[in-house]
Structure formats: structure tokens, C-alpha cells
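Undergrad: After the sequence you'll find the predicted model.
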Amino acid sequence: MSTEQTTPAGGFSYKLTRTLDAPAVKAWRAWTTPGQYAQWAYAAAGSVEMDVRPGGAWKATMVTPDGGQFPLTGSYLEVVENRLLAIGMDVPGKPAPAVMTMELDEQDDHHTQVVLRQTCDTAEERDMAEQGSTMLLDSLSAFLADGAKD
């Protein structure tokens, strides 16, 4: 996995790149199917709802390692099946959603490169978001390696 951090004029950004042991269609389904997403993304059972289309809403209640729970909501800003998701995440107290992009680039029949990008307002927010995204990619990689059960 590679990691890159930048500090552009508009905020603090990170980019995570990893090669997954699965074709793009399986990685896409893992990220866009509520039942699969709940299995690998630290979501509480039954809390994931997804309307995967531009403008469609999503929500999930995330569970922390210590058992704490916090709800997340947002919408899909851009959707290109098996290729790109731009996900808006609602942030209390902020007028605009935080945006994370997930890009898939199929390398061959069994490998897909995934790239996650996000820009945050502060270095601390970026570092926390990057840590969370790294955990997600670790879990997604393990889920896909185990066969991604529906």
C-alpha cells in the first residue's frame, strides 16, 4: 500500500493506494451492497442503507474497537459502476459534506487497484480520516481475500 499526504491551498489531503486480490466487480459489490459493506466496514448489523446513485443517500452506524457506536450519513455525489464513487459524508456543524473518492482500476482478472482520496480542513482531521481509511482498506482486503460472502 502506498500513502501520500499533501497540503494544497484548499486543505489537507491524503491518498491511499492498494492492490486488492479481486476483480473490480467484487470490490465494487463489497463497497456498494449493504450486507457486504456491513461485514467488513465496522458497521453495526442492520444499520447500513445505500441508494447508490448520484444524489442517493447512505447511512451506517459504525462500531469502534471499544464498542462505541456513532451514526454516519451522507449521499453519493458521483457514481460510475465498477470504477468510481464520490461519497459525501455529513459533518455536524459544517455546511458542506466531507468528500471521499474511491476509484477502482482493474489490473487483471484477479487484481484491482483501489485509490482513496480525501481533503480535510485540518491536519488533525486528515490524519484521523487517513487512519480510518487505512483500517477500512485493511478490512476490505481481508474480506475480499476470504471470498466476499453475500
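TA: Looks like it arrived, so ask away.
Undergrad: Tell me how many other residues crowd the nearest residue to residue 44 once chain neighbours are set aside.
TA: Among residues not flanking residue 44 along the chain, residue 61 sits closest, at 4.2 Å (C-beta to C-beta, 6 or more residues apart in numbering). Just so you know, the C-beta spots here come from the backbone N, C-alpha and C atoms, and that holds for glycine as well. For residue 61, the tally of surrounding residues (other C-beta atoms under 10 Å) stands at 17.
Undergrad: and the gap between residue 61 and residue 140?
TA: 18 Å (C-beta to C-beta, to the nearest Å).
Undergrad: Quick check: what element follows the least confident helix or strand in the chain by mean pLDDT along the chain?
TA: When the helices and strands of the chain are compared on mean pLDDT, DSSP states H and E, strand 2-6 comes out lowest with a mean of 57. The element immediately downstream of strand 2-6 (helix or strand, assigned by DSSP states H and E) is strand 12-20.
Undergrad: contacting residues around the helix or strand harbouring residue 143?
TA: The secondary structure element spanning residue 143 is helix 123-145 (assigned by DSSP H and E). Surrounding helix 123-145, the residues in contact under the criterion C-beta atoms under 8 Å, 6 or more residues apart in numbering are 1, 3, 5, 7, 11-14, 16, 18, 20-22, 26-27, 30-31, 36, 39-42, 98, 100, 114, 116, 118-120.
Undergrad: try stretch 32-44
TA: Contacts of stretch 32-44 from elsewhere in the structure, counted by C-beta under 8 Å, 6+ apart, are 29-31, 45-50, 52, 60-64, 69, 85, 135-136, 139-140, 142-143, 148-150.
Undergrad: just the buried members of those?
TA: Buried members of the contacts of stretch 32-44, counted by 16 or more other C-beta atoms under 10 Å: 29-31, 47-48, 50, 52, 60-63, 85, 136, 140, 143, 148.
Undergrad: among those, which are in helices?
TA: Restricting these to those inside helices, with DSSP state H as the criterion, leaves 29, 30, 31, 136, 140, 143.
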